[in-house]
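Q: no FASTA, just this:
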């Protein structure tokens, strides 16, 4: 999907007098009103700062506000046009004007922090637009594909296209109805050049993606959704701010363990984003029980699909599409993926035999112990910066991130040998010629200079500060020399109650990676809802409440299937549960489940915490996993599967291979696991 450049520079200039007049009429309150900003940095203890300048007069203050509003509008427009350097320069002028207003005004300080966050976001978008301008992003054509009219197939073409599609098999149900056949014809006709390019690029990744989807327990052929999402472009960026081959927005990416910050954006990392997409699709399938609905929810969001199902009283995607309860984009999205799947499985049968896929991406991993400039890394790896950027698209800056010791870097095959020795010859303080540092509350120029082994004057010259020493939290400084070796940081510890102390700079995704859990686990165990806001010093639970008592954990009943007083079982409803999903899980019919609970409606509304009586015996195990329950667990270590977990993640957590874990449980690596399943992890 391509971000459209809505509005030209001339339109903004024409509107500027009206906007400026409105801002002046609002006065100080227009800029001073605080606004909640997601991910705003938490307050830190105040420290000594340089002496504040004399307060501005009301007239000066009003003029500064008016001018800053004008500059913010200009910076936004420059960012929309992809003018990165110009936008950064304009934002610096904005902060020079607004900073004096925030000296003795806490509300204005909060507004200043919000502006800095907006600056970071707009500059990132400008960089993406600059990439689009060079052909790196998604083309206009791919946007038109989904938002254009739904294609139609004439009767005379149905038999011809259907005959080619009949001989193709996929590992999940792929229908050959008129909508799907019409999309095959679109790819063969108007969109042939676009699809041929996507098919060619897919050769770099598709086999590795199929392996990842199999490891995550979902159908391998779902990887061909990437044709429709991004055309297999790692730099794809949509106007909805979704990035990468699998088009994650930042919040969803973080929810599934991707790092998205100033330095790194793992949504652009093909393998990591693929694993996150597989986990997301698996969760959607667990909720909707249908791959077509899961794909629709991936595109439109779970909420829209839930509402469409309630209105239609049907869980058939084609019914929802026919009744136009989903957006046109989503109605096109699913059949477009099914058509892309059929063609990708047998390109020659559909007239794409002349398309030669690119060679699979090959690389070797090396470890970068300290922040290092890409120029230096390229010399050590005997390659060039362009190759490093192509192999490491998640890197957003010209260096490895300062907060990530032992950063894994991909280099061309055969170039890892000798890399560590070459890098070791370069002192850490000379590995970066230029770095960027984000000012925190309490920082001074002298403290920053000491920390990075440079001088105050050098920092002032590199940032065009003249002789000024006033800094503002969130301000980004260019540091002209490499940082000193980082101070050793004590490893994070877990208390006996399963909690840890949040340290400065921590995020939920970083803590989740550190302790081998998911962000959603941390949110659930700590009652955070969907919030990701944490503060330094906060005590955060990183182990489930029952895990601190080994004996209690072994005897703990499954949340979803407790024994009922009458001899049956009771399921406690969790978020995302449906009556159909519960019936499927316990191996009972929907009619029996409704009768046992007195439900008269076909699809009754379930609430988290509600107790559902299960008629009959024990729950059905998921995908050949033997549910050994509490009997015979002596001498074995049992792991209860949590939402978002995969066989590979569980195996890594207990020091096993996926094959060893499968052998312990009598399953194969392609088995789909569900929350609440019990796996043996040690005998």
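A: Yes, it's here. All of these numbers come straight from a predicted model, not from anything done at the bench.
Q: check residue 369 and give its pLDDT.
A: On the pLDDT scale, residue 369 is placed at 92.
Q: swap in the one 10 residues further on?
A: Residue 379 is assigned 93 on the pLDDT scale.
Q: now the helices for the stretch 401-550 of the chain?
A: 419-424, 445-452, 456-462, 508-515, 519-525, 550-555 (DSSP state H, counting those that start in this stretch).
Q: got the contact list for the fourth one?
A: The contact list for helix 508-515, computed with Cβ atoms under 8 Å, 6 or more residues apart in numbering, reads 254, 257-259, 492, 494, 500, 502, 518-519, 521-523, 528, 532, 534, 540, 542-543. Any C-beta I mention is one placed from the backbone N, CA and C, and that applies to glycine too.
Q: what's near enough to touch the residue nearest the centre of the chain?
A: Central residue of the chain (Cα atoms, centre = their mean): residue 253, 1.1 Å from the mean position. Neighbour list for residue 253: 243, 260, 266, 267, 273, 276 [criterion: Cβ under 8 Å, 6+ apart].
Q: mind running it again at 6 Å?
A: Counting by Cβ atoms under 6 Å, 6 or more residues apart in numbering, residue 253 makes contact with 260, 267.
Q: which of the residues in the host helix or strand of it are buried?
A: Using DSSP states H and E, residue 253 falls within helix 250-255. Counting neighbours by 16 or more other Cβ atoms under 10 Å, one finds that the buried residues in helix 250-255 are 250, 252, 253, 254, 255.
Q: ok, the residue nearest to residue 340 when sequence neighbours are not counted to residue 116 distance?
A: Ranked by Cβ to Cβ, 6 or more residues apart in numbering and with sequence neighbours excluded, the top spatial neighbour of residue 340 is residue 227, at 4.1 Å. For residue 227, the distance to residue 116 (Cβ to Cβ, to the nearest Å) stands at 38 Å.
Q: next: residue 200.
A: As defined by Cβ to Cβ, residue 200 lies at a distance of 41 Å from residue 116.
Q: who's more crowded, the two?
A: Legend: neighbour count by other Cβ atoms under 10 Å for residue 200 and residue 116, higher for residue 116 (24 against 16).
Q: do I have it right that the more buried one meets residue 474?
A: Yes: counting by Cβ atoms under 6 Å, residue 116 touches residue 474, with 3.7 Å between them.
Q: how is this protein partitioned into domains?
A: Per automatic domain parsing, the structural domains of the chain span 9-133, 140-350, 366-479, 499-548, 625-683.
Q: so for residue 572, which of the ones you listed sits nearest?
A: domain 625-683 (10.4 Å; Cβ to Cβ).
Q: tell me where the protein has strands.
A: 364-368, 407-411, 435-438, 476-479, 499-501, 539-541, 562-563, 569-572, 611-614, 637-640, 678-682 (DSSP state E).
Q: and of these, who's closest to residue 381?
A: In this view, the strands of the chain are compared for proximity to residue 381 by Cβ to Cβ, and strand 407-411 is the closest at 4.3 Å.
Q: and the gap between residue 541 and residue 368?
A: Counting by Cβ to Cβ, the gap from residue 541 to residue 368 is 32 Å.
Q: right, I mislabeled it, should have said residue 425
A: Counting by Cβ to Cβ, the gap from residue 425 to residue 368 is 14 Å.
Q: worst mean pLDDT among the domains of the chain?
A: domain 9-133 (a mean of 63).
Q: how many residues are close by residue 118?
A: Counted by other Cβ under 10 Å, the residues lying close to residue 118 total 18.
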